[in-house]
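A.B. asks: structure of the sequence below:
(one chain, ligands or ions: 1)
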Amino acid sequence: MGLYGASLLCRLTGRAGAGRAYGFLGLTAVGLGGMLGGHLAYRQASGANHAEEVPHVVSEGWHRIGTVDEFPADRPVRRAVDDVPVLVVRETGGTLHALADRCSHLAGPLSEGTVADGCVRCPWHGSVFRLSDGWNVRGPATAPQPAFDTRVVDGHVEIRLRREDGTERPDGRAADGTPTRAEED
Ligand code: FES
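C.D. replies: Numbering: from 1, shown residues only. Modelled structure (predicted):
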């Protein structure tokens, strides 16, 4: 902006040569900035949300991930749904939380992080996510973790990917209309 501003000023005051030079310098700065930004974004995936694919990979409906006693209280446990790693935490009071396990910052394993005060802290760079909804309480992560609804059916823990707007399918059925596993049970 400064270089283009100087270019305009020079041209308005009759110094066309200097105006062209400032304009060229401005164009060079824009090009270098674009090159640097492209390298950071596309080559190094810097700033990309590494949990973005989760809603596109996990199928709708409830997924059974183990019996309740497989989840010791206040300890992070790793499970997988449709090959997507999931962090599961059962609080002392019995409330279950499930989040996508790969940190949105750089895909660190949240199941190897520390759980405290209703949050999980990523072991790699310290981002903190709220267990109840995946909200990124503290960075460097700039995006929340996809969160799952949880329930217990016949002593088994089941999880279902939560929609971004927090709503549930009104009929409780999968996207293709088939009954969920819990309904069949
Ligand atoms: S990978 Fe989790 S904070 Fe960087």
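
A.B. asks: helix, strand or coil: sort out residue 60 for me.
C.D. replies: coil (DSSP: H, G, I helix; E, B strand; the rest coil).

A.B. asks: quick one: pLDDT of residue 151?
C.D. replies: If you check residue 151, the pLDDT there is 93.

A.B. asks: what does residue 92 give?
C.D. replies: For residue 92, the predicted pLDDT is 89.

A.B. asks: next one: phi and psi at it?
C.D. replies: Main-chain torsions, residue 92, degrees, to the nearest 10: phi -60, psi -40.

A.B. asks: not counting its neighbours along the chain, what's nearest it?
C.D. replies: What sits nearest to residue 92 in space, not counting adjacent residues and going by C-beta to C-beta, 6 or more residues apart in numbering, is residue 73, at 4.7 Å. Quick note: C-beta positions are derived from backbone N, CA and C, even for glycine.

A.B. asks: tell me, how many residues neighbour that neighbour?
C.D. replies: For residue 73, the neighbour count with other C-beta atoms under 10 Å is 10.

A.B. asks: please renumber the chain so that the first residue is 24 from this point on.
C.D. replies: Sure, I'll start numbering at 24, so the last one becomes residue 96.

A.B. asks: that one contacts residue 118, correct?
C.D. replies: No: applying C-beta atoms under 8 Å as the test, residue 96 and residue 118 come out as separate, 10.1 Å apart.

A.B. asks: please name the nearest non-neighbouring residue to residue 103.
C.D. replies: Nearest to residue 103 is residue 109, by C-beta to C-beta, 6+ apart, at 6.4 Å.

A.B. asks: tell me the helices and strands packed up against the helix or strand harbouring the one you found.
C.D. replies: Using DSSP states H and E, residue 109 sits within strand 107-113. With contacts defined as 3 or more C-beta pairs under 8 Å, 6 or more residues apart in numbering; DSSP states H and E, strand 107-113 has these neighbours: strand 100-104, strand 119-123, strand 179-184.

A.B. asks: what do you get if the cut-off is 6 Å, keeping everything else the same?
C.D. replies: strand 100-104, strand 119-123 (3 or more C-beta pairs under 6 Å, 6 or more residues apart in numbering; DSSP states H and E).
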